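Enquirer: dropping a prediction and its sequence here:
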Amino acid sequence: MGIEVVVEGLTKSFGKQNIWQDVSLTLPAGEVSVMLGPSGTGKTVFLKSIIGLLKPERGRVLVNGVDMVNGSERDIMETRKLFGLMFQDGALFGSMSLFDNIAFPLREHTRKKESEIRRIVMERIDVVGLLGAENKLPGEISGGMRKRAGLARALVLDPQIILCDEPDSGLDPVRTAYISQLLVDLNAQIDATMLIVTHNLDIASTVPDNMGMLFCRNLVTFGPREVLLTSDLPVVNQFLAGRCEGPIGMSEEKDAATLAAEELKGYGQGISSANAPRTVVPQLEPSPGLPVRQGALRRRERVMSMMGQLPEAARTAILNSYSPAAGGGRL
Ligand SMILES: Nc1ncnc2c1ncn2[C@@H]1O[C@H](COP(=O)(O)OP(=O)(O)OP(=O)(O)O)[C@@H](O)[C@H]1O
């Protein structure tokens, strides 16, 4: 089963540039979470801080009792082995075949025999649907295949926590749908805790159990997916609707005067019409033949126990999703 990741009061700056401050959240064990946010809000910095590659100046990230911010380098290195990382471009070595790329972490971090390495690598290649392409170089395959190869490589060390940075970047909508299904299937198969950073609203609305958003140097919200998907916060509305009007500007947040001018032009009405209750689309189910997601079972209990703290719209959406008519009876 995946491991819970507890983030407490995390603050990160580069010199005088504060990226985000006082970020606290828990990635529940074995559940899938998505972090949204406009470009440049520090989502990648957040992922790197979780695995201890970047050092926030305040706060803690607790994984299996180890603080990935302030712990000893030895403990951090050891704990990092629990993670599988999938970067935006697959981060493959161009001169190595897919097989060697995917075998790399095993050859680097374990003393396994070549025959055992071959077995594991071929198994992971099968999981991501790349059988037959193992001898190709990264330059000889499509972007979508490179992503899947990156995912296969993230899986070879049997990670209990998987961090995916923009798994959809550069993919067409159909390939993005395949990646979404693959992420859900993977979760059903290995029950790892997953955090996905994306701008893609299809992934965001169908894959995760939990969703959060970074904006304006703060964590705007983090919790069960229904909370963000029914939120009437202007920044969430603007992001989910993909519109120019609202607090998110081209390069950073808009100033108060610009926002007031938009209101005067009547854009405020447009925004409030977007505030009408949104339909929460159902979450993807694992492909036929795969086990029920254990994370989804635990999540159901967890969310039901916190209903009293959730906004009404989110509560309604959760109850609808768990109603027998919505297929909730299956869990
Ligand atoms: N090593 C670094 N040194 C200095 N500044 C950095 C470093 N890494 C990231 N930054 C800055 O931190 C900010 C957030 O970057 P980050 O890549 O995390 O954003 P993001 O939300 O992932 O963006 P996008 O959605 O466009 O990928 C940017 O202003 C970036 O320039």
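Expert: Good, I have the coordinates.
Enquirer: is G223 in contact with N210, as I believe?
Expert: Yes: shown here, G223 and N210 form a contact pair, counting by CB atoms under 8 Å, at 6.2 Å. Any C-beta I mention is one placed from the backbone N, CA and C, and that applies to glycine too.
Enquirer: name the residue in those two with the higher neighbour count.
Expert: Neighbours per residue, other CB atoms under 10 Å: of G223 and N210, the larger number sits with N210, 24 against 21.
Enquirer: run a quick neighbour tally on L297.
Expert: 12.
Enquirer: one more: L186?
Expert: Neighbours around L186, by other CB under 10 Å: 23.
Enquirer: so it sits against A152, correct?
Expert: No: under the criterion of CB under 8 Å, L186 is not in contact with A152, lying 10.2 Å apart.
Enquirer: which residues do those two both contact?
Expert: V127 (CB atoms under 8 Å, 6 or more residues apart in numbering).
Enquirer: please list all residues in contact with V235.
Expert: Counting by CB under 8 Å, 6+ apart, V235 has contacts 213, 215-216, 220, 246-248.
Enquirer: at 7 Å what do you get?
Expert: 215, 220, 246-248 (CB atoms under 7 Å, 6 or more residues apart in numbering).
Enquirer: chain center to the strand or helix carrying G212, what's the gap?
Expert: Assigned by DSSP states H and E, G212 belongs to strand 210-215. In terms of CA atoms, centre = their mean, to the nearest Å, the centre of strand 210-215 is found 10 Å from the chain centre.
Enquirer: who does whatever helix or strand comes next after that strand touch, helix- and strand-wise?
Expert: Sequence-wise, the next helix or strand downstream of strand 210-215 (DSSP H and E) is strand 218-224. Applying 3 or more CB pairs under 7 Å, 6 or more residues apart in numbering; DSSP states H and E, one finds that strand 218-224 makes contact with strand 17-27, strand 210-215.
Enquirer: 6 Å instead?
Expert: strand 210-215 (3 or more CB pairs under 6 Å, 6 or more residues apart in numbering; DSSP states H and E).
Enquirer: is the strand it packs on up against the ligand anywhere?
Expert: No: Strand 210-215 stays clear of the ligand (CB under 6 Å from any ligand atom), getting no nearer than 6.8 Å.
Enquirer: that strand pairs with which strands?
Expert: strand 32-36 (parallel), strand 218-224 (antiparallel) (DSSP bridges).
Enquirer: could you check how far the residue most central in space within the chain is from the ligand?
Expert: Nearest to the mean C-alpha position of the chain, by CA atoms, centre = their mean, lies I196 at 1.3 Å. Distance of I196 to the ligand, computed by CB to the nearest ligand atom, to the nearest Å: 12 Å.
Enquirer: what about the helices in the stretch 201-331 of the chain?
Expert: For the stretch 201-331 of the chain, the helices defined by DSSP state H, counting those that start in this stretch cover 201-206, 225-229, 234-241, 256-264, 267-273, 294-305, 312-321.
Enquirer: surely L36 touches M213?
Expert: Yes: shown here, L36 and M213 form a contact pair, counting by CB atoms under 6 Å, at 4.5 Å.
Enquirer: how about G2: what's its closest non-neighbour residue?
Expert: T193 (3.3 Å; CB to CB, 6 or more residues apart in numbering).
Enquirer: returning to that earlier point: let's test this: mean pLDDT of the strand holding G212, rounded?
Expert: Averaged across strand 210-215, the pLDDT comes to 94.
Enquirer: just stretch 302-320 next, same as before
Expert: Throughout stretch 302-320, pLDDT has a mean value of 93.
Enquirer: which parts of it are buried?
Expert: Buried positions in stretch 302-320, judged by neighbour count with 16 or more other CB atoms under 10 Å: 302-303, 310, 313-315, 317-318.
Enquirer: now for the residues you listed: which two are most distant?
Expert: Greatest spacing in those, by CB to CB: R302 and A313 (19.1 Å).
Enquirer: now do the contacts for D75.
Expert: When contacts are counted by CB atoms under 6 Å, 6 or more residues apart in numbering, D75 is found next to V66.
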